[in-house]
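Visitor: generate coordinates for the sequence data below:
(one chain, ligands or ions: 2)
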Amino acid sequence: MLVLGIETSCDETGIAIYDSGRGLLAETLYSQVELHAEYGGVVPELASRDHIRKTLPLIEQVLAEAGCGRGDLDAVAYTAGPGLIGALMVGAMIGRSLAYALGIPAIGVHHMEGHLLAPMLEENPPVFPFIALLVSGGHTQLIRVEGVGQYRLLGESLDDAAGEAFDKAAKMLGMSYPGGPLIAALAEQGERGRFVFPRPMTNRPGLDFSFSGLKTFTLNTCSEHRDAQGLIAEQTRADIACAFEEAVVDTLVIKCRRALKQESLQRLVIAGGVSANKRLREKLPEALAKQRAQVFYARPAFCTDNGAMIAYAGCQRLVAGQGDGLGVTARPRWPMEQLPAV
Ligand code: KG4
Ligand code: ZN
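Guide: Ligands and ions are numbered 1, 2, ... in the order given. Modelled structure (predicted):
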């Protein structure tokens, strides 16, 4: 089954073609980062307008790269939520209408299920069941995964998502959006241990997260080290970035270990933008070695938003006979546990 995947939930237009037999045939991503840079975050209205400009030309490009035409497509998968409502509506309407015109099925995909299944596109994919840590700009969740659509939420952030915390810390250090990769790069120049930030909610039982206290701690540390002009010395900025990253990574690692132990599982999948973080990828296998647990993740480009994960997730449901009708429902909020099992 040849599936076209369309991702437009936030500030990237991701398009891909996945074949159930041959795997991923082509994919492309257009990032709106420069468009939103001067505003310090994503402006929803501008995001929608740019998705309209880019989606169809990128579909043409991907079809050409895959060496096929519109008529070869068997189905269309589009992100139906969660995300920015206007942005979602662009991809959903284009995807649904294209499928209608071609007389083929279409399905609305859950963006976080896309992230969760992205590591399946790599060599040696994980087998079910496993624990998934979903860490993106909007979500921080630990989930027990029995199969596609069989998800049990074990814990989640009570306030900011991990990616959001990275973005806010970056802003405090005078960096642009998205801040995660910038903090990570700056942290490499930092001296580990000069500052020690709290590991929130790790000294009490449970699998929930909270990053707002860490945000305040970071803000206070920045304030203490600003000079008369409001600037922070270059080395101190790097040391703060390093302390912040260590605190987030350690917190995630501790909760992942705890979840694996609680559920008696030995496979961990990390997914979403923050799973691209090098320090997290370094520390997890070390920390899990004692439990003989294995960590699985996607290549960095498939950790952040992309069309391949939507084409793949949609394909899993479409081959099982699932699909949506002609009425499109875009959902800004959408609990993953509401998804039907495959
Ligand atoms: O999954 P994603 O692309 O979009 C959402 O669904 O939210 O995640 C974006 C988030 C941003 O907050 C970004 O700062 C963070 O992922 N991120 C990172 C890294 N790369 C992206 N955070 C830490 N380290 C990274 N290398
Ligand atoms: Zn995402």
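Visitor: and the helices in the protein, which stretches?
Guide: Along the chain, the stretches classed as helices by DSSP state H are 33-37, 44-66, 85-102, 111-117, 162-172, 180-187, 212-224, 234-263, 278-288, 307-319.
Visitor: of those, which is nearest residue 137?
Guide: helix 162-172 (3.9 Å; C-beta to C-beta). (C-beta placed from N, C-alpha, C; glycine too.)
Visitor: is the closest one anywhere near ligand 2?
Guide: No. Figure legend: helix 162-172 not in contact with ligand 2 (C-beta under 5 Å from the ion); closest approach 8.5 Å.
Visitor: that helix near ligand 1 at all?
Guide: Yes. With C-beta under 6 Å from any ligand atom as the threshold, helix 162-172 lies in contact with ligand 1, specifically through 163, 164, 166, 167.
Visitor: residue ranges with poor pLDDT in the protein?
Guide: Judged by pLDDT under 70, the chain has no weakly predicted residues.
Visitor: could you measure from the residue sitting nearest the centre point of the chain over to residue 44?
Guide: The residue at the geometric middle of the chain, judged as the C-alpha nearest the mean C-alpha position with C-alpha atoms, centre = their mean, is residue 272 (2.4 Å). Between residue 272 and residue 44 the distance, using C-beta to C-beta, to the nearest Å, works out to 20 Å.
Visitor: can you check residue 14 too?
Guide: Residue 14 is 17 Å from residue 44, where distance means C-beta to C-beta.
Visitor: what's the neighbour count on residue 45?
Guide: Close neighbours of residue 45, defined as other C-beta atoms under 10 Å, add up to 10.
Visitor: can you report how many residues lie near residue 230?
Guide: Residues near residue 230, counting by other C-beta under 10 Å, number 9.
Visitor: which ones are touching it?
Guide: Going by C-beta atoms under 8 Å, 6 or more residues apart in numbering, residue 230 touches no other residue.
Visitor: before we move on, what about the one 3 residues further on?
Guide: Contacts of residue 233 were listed using C-beta under 8 Å, 6+ apart, and they are 225, 227.
Visitor: give me phi/psi at it?
Guide: Main-chain torsions, residue 233, degrees, to the nearest 10: phi -60, psi 150.
Visitor: tell me which parts of this structure are close to ligand 2?
Guide: Taking C-beta under 5 Å from the ion as the criterion, the contact residues of the chain with ligand 2 come out as 136, 305.
Visitor: and the residue of the stretch 101-250 of the chain nearest ligand 1?
Guide: When distances are taken as C-beta to the nearest ligand atom, the stretch 101-250 of the chain approaches ligand 1 most closely through residue 180, which lies 2.2 Å from it.
Visitor: so what's the residue count around that residue?
Guide: Taking other C-beta under 10 Å as the criterion, the count of residues near residue 180 is 26.
Visitor: on that earlier part again, looking at the helices of the chain, which is nearest to residue 301?
Guide: Each of the helices of the chain was checked against residue 301 via C-beta to C-beta, and the shortest separation belongs to helix 307-319, namely 8.5 Å.
Visitor: buried stuff in the closest one?
Guide: Along helix 307-319, the positions that meet the burial threshold by neighbour count (16 or more other C-beta atoms under 10 Å) are 307, 308, 309, 310, 311, 312, 313, 314, 315, 316, 317, 318.
Visitor: relative to residue 295, how far out is the last one?
Guide: So that's residue 318. Here the criterion is C-beta to C-beta. By it, residue 318 lies 29 Å from residue 295.
Visitor: and for the third one?
Guide: The gap separating residue 309 from residue 295 is 18 Å, by C-beta to C-beta.
Visitor: what of the fourth one?
Guide: Spatial separation of residue 310 from residue 295 under the definition C-beta to C-beta is 23 Å.
Visitor: give me the residue from the stretch 201-342 of the chain nearest ligand 1.
Guide: Each residue of the stretch 201-342 of the chain has a distance to ligand 1, by C-beta to the nearest ligand atom, and the smallest belongs to residue 273, at 2.1 Å.
Visitor: tell me the contacts of that residue?
Guide: Taking C-beta under 8 Å, 6+ apart as the test, what residue 273 contacts is 135, 136, 137, 163, 178, 180, 303, 304, 305.
Visitor: with residue 21 instead?
Guide: residue 1.
Visitor: can you get me a residue count around the closest residue to residue 27 other than its chain neighbours?
Guide: The spatial neighbour of residue 27 that comes closest, neighbours along the chain excluded (C-beta to C-beta, 6 or more residues apart in numbering), is residue 16 at 3.6 Å. Other residues within reach of residue 16 by the criterion other C-beta under 10 Å amount to 29.
Visitor: do I have it right that residue 16 meets residue 58?
Guide: No. Contact criterion C-beta atoms under 8 Å: residue 16 and residue 58 do not qualify, at 9.8 Å.
Visitor: quickly list what's touching both of these two.
Guide: Here residue 16 and residue 58 have residue 28 as joint contacts, going by C-beta under 8 Å, 6+ apart.
Visitor: how about the residues of the stretch 1-150 of the chain by ligand 1?
Guide: Counting by C-beta under 6 Å from any ligand atom, the stretch 1-150 of the chain sits next to ligand 1 at 10, 115, 136, 137, 138.
Visitor: list phi and psi for the residue of the chain positioned farthest from its centre.
Guide: Ranked by distance from the centre of the chain (C-alpha atoms, centre = their mean), the top residue is residue 228, with 38.7 Å. The phi and psi torsions at residue 228 (degrees, to the nearest 10) take the values phi -60, psi -30.
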